[in-house]
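Trainee: Let me see the structure of the following:
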Amino acid sequence: MAATAPQLGLRERKKLKTRVAIRRATHRLIAEQGYEATTVEQIAEAADVSPSTVFRYFPTKEDIVLSDEYDPVLVAELRARPADEDPLDSLRTVLTRSLATFVAEEREEFVQRTKLLAEVPAVRARMTETMATTSDLLARALADRLGRAHDDLNVRVFTAAVLGALREVLLYWAGRGHVDDVVGLADGALRRMGQGWRP
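Mentor: All right, here's what the predicted structure looks like:
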């Protein structure tokens, strides 16, 4: 994944370091005392920044929980897929690779994130919005590969459906106590999408 990530300048690296510090402090506090009990003031203190800095980087507490730096990597990987590859295979490969990286490198944070996604309505609602942003970015990249307009409805619906399937996999995984192979679940679900629905 790192090979296709955009290179960052010094200022961007400093911003990323601050974002990561805030996010890690948030996950640590939530693990210790729960989501509702964790305040922005506590997060700021734990991350050694001011509350205004937290809000500058993350408008809401839900954004801290759900944010990551994967969107640019996903777009870059999708654009790098073979031009003649089936669009579903391209998206499936890019998404499951990203998921595998997240699970391997940040499993504890990812488990907590999906647990909150399943249990906290505000997090789930915000997830819908953040996934819409990701869907738009991926749909644009896919439209370029297919020679379609960025607002092509078929491309938008297709991309949103794939991400919707991934969301349901994450909710299922969290609901079963994170015991399954989430990458395998996602890969299987997206492969079945290409075969059409069967009971």
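Trainee: can I see the domain layout of this structure?
Mentor: 1-59, 68-199 (automatic domain parsing).
Trainee: Save those as a markdown table, and put in mean neighbour count too.
Mentor: Quick note: C-beta positions are derived from backbone N, CA and C, even for glycine. Formatted as a markdown table, those follow (neighbours: other Cβ atoms under 10 Å):
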| stretch | mean neighbour count |
| --- | --- |
| domain 1-59 | 15 |
| domain 68-199 | 16 |
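Trainee: With mean pLDDT as added columns, please give these in JSON lines.
Mentor: Shown next, in JSON lines, are these (pLDDT from 0 to 100):
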{"stretch": "domain 1-59", "mean pLDDT": "86"}
{"stretch": "domain 68-199", "mean pLDDT": "93"}
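Trainee: could you pull out the helices for this protein?
Mentor: 10-33, 40-47, 51-57, 61-66, 71-80, 87-119, 121-146, 153-175, 182-195 (DSSP state H).
Trainee: so what's the backbone phi/psi at residue 39?
Mentor: Main-chain dihedrals, residue 39, degrees, to the nearest 10: phi -110, psi 160.
Trainee: what's near enough to touch it?
Mentor: Counting by Cβ atoms under 8 Å, 6 or more residues apart in numbering, residue 39 touches no other residue.
Trainee: One more: residue 189?
Mentor: 165, 166, 168, 169.
Trainee: And for residue 130?
Mentor: For residue 130, the contacting residues are 63, 66, 67, by Cβ under 8 Å, 6+ apart.
Trainee: that older thread, so which of the contacts of residue 189 is the closest to residue 119?
Mentor: Nearest to residue 119 among these: residue 168, at 15.9 Å, using Cβ to Cβ.
Trainee: State the distance from that closest one to residue 86.
Mentor: 21 Å (Cβ to Cβ, to the nearest Å).
Trainee: Equivalent analysis for residue 95, please.
Mentor: The value you get for residue 95 to residue 86, if Cβ to Cβ is used, is 14 Å.
Trainee: go on, residue 160?
Mentor: Distance from residue 160 to residue 86, by Cβ to Cβ: 18 Å.
Trainee: isn't residue 18 right up against residue 44?
Mentor: No - Residue 18 is beyond contact range of residue 44, at 11.2 Å (criterion: Cβ atoms under 8 Å).
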